[in-house]
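Undergrad: take this sequence and fold it.
(chains A and B)
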Amino acid sequence: MLLTLDLNDPRPLHDQVAGSIRRAIAEGSYAPGDRLPPARDLAGALGINVNTVLRALRELRDEGLLEFRRGRGVSVLSRPDARAALQEAARELLAEADRYGYGPEEVIHIIRELS
Amino acid sequence: MTFRNPGRGDIPAGAGRTGSAAGRSGVPVRGRRTALTVAAVWGTLVCAALIAAPLALRDRLPDPLATHWKSAGPDSAMSFGAGLAPSLVVWGVAWVFLLVSAAHGEVLNRRGGRAGWWGFLVGGSVFALGVSGSILLANLDVADWRQAAMPGWAVPAVLGTAAVTGALAGYLGRGEPDRPVEPGDAPAMRLRPGQRAVWAGRATNRWLLWLSAAMLLAGAVSGAFLVLGAPVGETVWAAMLPLLPLAVIVSLISDVRVRVGPDGLRVGFGPLSWPAFRVPTGKIAWATAERRSPIEVGGWGLRGLPGTGRLAVMVRGGECLVVRRAGGGELVVSVDDADRAAALLNAYAAEEAAA
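TA: Have a look, this model is predicted:
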């Protein structure tokens, strides 16, 4: 599983991890039924505490995206709905805009221009 | 982040997720029909010979048969059936395995796989025929199994003939060379500054996991009997003790975890992901996802020849991460979703080269 974290992202780490997993599922990289790597592996790869990853996984379970099963680990239950996927993309857009010195209001203005 | 996978024949686009299922039955393989026909006919003939020859000679054989020799002479005997069944069983298992792997697998897709497949088919049958034939010859026309003499050259002759015919068959059956994989085939990915991307994946082999569990159980039972006092056959239980360390080794190779990060590649063995080895980003030239089969690397487990720079961590056939080292040589690791791992490794290797 490919996860990306933004080093400049002000959100708490578990939110970022959850967002990264949500996007991987939304993009179709992982389909319902696919198994996620163990939380320990994800934490080791990201160089963060395993509890942070577990907290992200629990958030996603509560959203109905993931399923925890004894002996089988964590697997994808369903795709996030369109709104959640768009929210994740918008969040990234805002972060990217921030890097270029654009605030949310200016981003909204750009979107208005496009549509 | 963008993710690009140049169109290649061997890995269908999006193989990342469906890797374990992709290519298993899809693309038709040239030469598969010939291979299956030859294997079916030849294997049946070998089975027939392994059954018919002892039956035809039964009147001229002692009962029981000498089946095992030491330098001084035969040291164990078995009944007619039990003495000759092993070579039939060994060949039968190998034959069915080769048939199934050619019919459902992708072993014939690559030159190494074809050479190994044909080599095992011919070499294995020659070995089974040789073992059975030498036992028959040694026992032929002797009154009692203790008089059966096995010449000292028989074992090396059988092994040598099997190896030579197997190698020859592998050479003749190797077919066209594989299309060379070039750096342009490597999947790529663009990392944005300030982004930290990591990948975690694994490969598991349920058969090896069960095998390891069975060995662990057998080893533990034998150990318990030895400690508590065995009702029968202490030597048998003692002989089973080595299964305990073997079970650990098999479990290490039944489940492999792979991580890719800015530092490079980490491959961890077993359920604990330990022991592990690392390949730093600086030592990686480029990586691809390719399909490899155990037959072409010489089997399951950790495979490689010292000095060649080639190493394979073969957990199961199919999708593998293939890493070309900067100093030459390649590392093959079976893992699901290898396409993404390769793309990320390439991105970090390119960053390292630019730095």
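
Undergrad: in what helix or strand does residue B:198 lie?
TA: Taking DSSP states H and E as the definition, residue B:198 sits inside strand B:195-204.

Undergrad: other SSEs contacting that strand?
TA: With contacts taken as 3 or more C-beta pairs under 8 Å, 6 or more residues apart in numbering or on different chains; DSSP states H and E, strand B:195-204 sits against strand A:2-6, helix A:39-46, strand B:255-261, helix B:338-354. Just so you know, the C-beta spots here come from the backbone N, C-alpha and C atoms, and that holds for glycine as well.

Undergrad: what is the mean pLDDT for that strand?
TA: For strand B:195-204, the mean per-residue pLDDT is 88.

Undergrad: give me the contacts around it.
TA: Strand B:195-204 is contacted by residues A:1-7, A:37-38, A:41-42, A:44-46, B:1, B:189, B:191, B:254-262, B:315-316, B:333-338, B:340-341, B:344, B:347 when judged by C-beta atoms under 8 Å, 6 or more residues apart in numbering or on different chains.

Undergrad: got the angle between it and helix B:338-354?
TA: In terms of direction (axes from the mean of the first three to the mean of the last three C-alpha atoms, to 10 degrees), strand B:195-204 departs from helix B:338-354 by 140 degrees.

Undergrad: the stretch 151-300 of chain B against chain A: which residues are in contact?
TA: B:192, B:194-202, B:257, B:259-261, B:273 (C-beta under 8 Å from any C-beta of the partner chain).

Undergrad: low-scoring stretches of chain B, by residue?
TA: B:1-30, B:230-234 (pLDDT under 70).

Undergrad: can you give me the strands for it?
TA: Residue ranges of the strands in chain B, as given by DSSP state E, are B:2-4, B:65-70, B:73-78, B:188-190, B:195-204, B:255-261, B:264-269, B:276-280, B:284-292, B:301-305, B:310-314, B:318-325, B:330-334.

Undergrad: reformat those strands as TSV; add mean neighbour count.
TA: Shown next, in TSV, are these (neighbours: other C-beta atoms under 10 Å in any protein chain shown):
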stretch	mean neighbour count
strand B:2-4	12
strand B:65-70	19
strand B:73-78	16
strand B:188-190	17
strand B:195-204	22
strand B:255-261	25
strand B:264-269	21
strand B:276-280	15
strand B:284-292	24
strand B:301-305	15
strand B:310-314	22
strand B:318-325	24
strand B:330-334	23
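
Undergrad: how about those, which one is nearest residue A:68?
TA: When the strands of chain B are compared by C-beta to C-beta, strand B:195-204 sits nearest residue A:68, at 17.6 Å.

Undergrad: what are the pairing partners of the closest one, and which direction each?
TA: strand A:2-6 (antiparallel), strand B:255-261 (antiparallel) (DSSP bridges).

Undergrad: need the winner for burial among the helices and strands packed on strand B:195-204.
TA: strand B:255-261 (a mean of 25; mean count of other C-beta atoms under 10 Å in any protein chain shown).

Undergrad: for that one, output the C-alpha coordinates as PDB.
TA: Below are the C-alpha coordinates for strand B:255-261, written out as PDB (Å, rounded to 0.1, in the frame of the first residue of the first chain):
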ATOM      1  CA  ASP B 255       5.600 -14.600   4.700                       C
ATOM      2  CA  VAL B 256       7.700 -11.800   3.500                       C
ATOM      3  CA  ARG B 257       7.100  -8.100   4.200                       C
ATOM      4  CA  VAL B 258       8.600  -5.400   1.900                       C
ATOM      5  CA  ARG B 259       8.900  -1.700   2.600                       C
ATOM      6  CA  VAL B 260      10.000   1.100   0.400                       C
ATOM      7  CA  GLY B 261      10.800   4.500   1.800                       C
END
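
Undergrad: next one: it to chain centre, how far?
TA: A distance of 21 Å separates the centroid of the chain from that of strand B:255-261, by C-alpha atoms, centre = their mean, to the nearest Å.

Undergrad: quick one: that strand to helix A:39-46, angle?
TA: Using the same axes, to 10 degrees: strand B:255-261 against helix A:39-46 is 30 degrees.

Undergrad: who touches strand B:255-261?
TA: Counting by C-beta under 8 Å, 6+ apart, residues outside strand B:255-261 touching it are A:37-38, A:41, A:44-47, B:198-205, B:209, B:265-271, B:273, B:313, B:315, B:321, B:333-335, B:341, B:344-345, B:348.

Undergrad: and if we set it to 7 Å?
TA: If you take C-beta atoms under 7 Å, 6 or more residues apart in numbering or on different chains as the criterion, strand B:255-261 is touched by A:41, A:44-45, B:198-204, B:209, B:266-271, B:273, B:313, B:315, B:321, B:333, B:335, B:341, B:344-345.

Undergrad: and residue B:238, how close does it get to chain A?
TA: According to C-beta to the nearest C-beta, to the nearest Å, residue B:238 and chain A sit 35 Å apart.

Undergrad: got it, and residue B:52?
TA: 50 Å.

Undergrad: pull the number of nearby residues for that residue.
TA: 10 (other C-beta atoms under 10 Å in any protein chain shown).

Undergrad: residue B:123 against residue B:163, yeah?
TA: Yes. In this structure residue B:123 lies within contact range of residue B:163 using C-beta atoms under 7 Å: 6.4 Å.

Undergrad: so which of these two has more stuff around it?
TA: Legend: neighbour count by other C-beta under 10 Å for residue B:123 and residue B:163, higher for residue B:123 (22 against 14).

Undergrad: now do the contacts for the more buried one.
TA: By C-beta under 7 Å, 6+ apart, the neighbours of residue B:123 are B:162-163, B:165-166, B:169.

Undergrad: residue B:167 too?
TA: Per C-beta under 7 Å, 6+ apart, neighbours of residue B:167: residue B:119.
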